[in-house]
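Return a 3D structure for these sequence lines:
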Amino acid sequence: MRFEELSPENASLLENWFEKPIPENRFIQFYEDTDRWMKLIHESRDRFGYIVYKDNHMIGFADIEIEGDTASMAIGIKPELRGQGLGKELMNAVLNLPILRGVHKLVGGVETDNIASTRMLLSLGYTEGKNDEGVVEFTKLI
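Model prediction:
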């Protein structure tokens, strides 16, 4: 997998993906506004956004925020590519990013009705934690 930093030049790839809003998923709703996401990344030294490619085809994105030795992560796989194990592959590939040097804990949130993501994280060794307003926190020590 190849990770390309989010930029104005490649953000249109995500904008095309989000032409049809997914109202029931508040995480995806956040990423629909690529300008807001890029602004957050560029205003912070500890937040990183990537477009992710496999075999030269865009398959999704990764959003990573580092605080001390903890990385909070969110990923998204293009809807038509889901169910093929790409989320799991992406999560494993993220571990090789240089920005994760010194990180010992990974954290991610999943909406309670997102069974596929819950199963994926559990299969990768994440531990299910607190449920806060319909979002379950998952953690993994690395």
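
Which helix or strand in the protein has the lowest average pLDDT?
Within the chain, confidence by mean pLDDT, DSSP states H and E is lowest for helix 26-32 among all helices and strands, at a mean of 64.

Name the next helix or strand downstream of that one, please.
helix 34-43 (DSSP states H and E).

what's the next secondary structure element after that next one?
Using DSSP H and E, the helix or strand that follows helix 34-43 in sequence is strand 47-54.

Each with direction, which strands does the helix or strand following that next one pair with?
Later in the chain than strand 47-54, the nearest helix or strand by DSSP H and E is strand 57-67. In the sheet, strand 57-67 lines up against strand 47-54 (antiparallel), strand 70-77 (antiparallel) (DSSP bridges).

Output those in a markdown table, with mean pLDDT and distance to L90 appended to each entry.
Heads up, the C-betas are built off the backbone N, CA and C, glycines and all. Formatted as a markdown table, the entries for those read as follows, by pLDDT from 0 to 100; distance: least, Cβ to Cβ, whole Å:
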| stretch | mean pLDDT | distance to L90 |
| --- | --- | --- |
| strand 47-54 | 95 | 6 |
| strand 70-77 | 94 | 5 |
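
With distance to M120 and mean neighbour count as added columns, please give the ones you listed in TSV.
Compiled in TSV, those are given as follows (distance: least, Cβ to Cβ, whole Å; neighbours: other Cβ atoms under 10 Å):
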stretch	distance to M120	mean neighbour count
strand 47-54	15	20
strand 70-77	10	20
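
Please name whichever of these is nearest to V135.
Comparison of the strands paired with strand 57-67 against V135 by Cβ to Cβ identifies strand 70-77 as nearest, at 11.1 Å.
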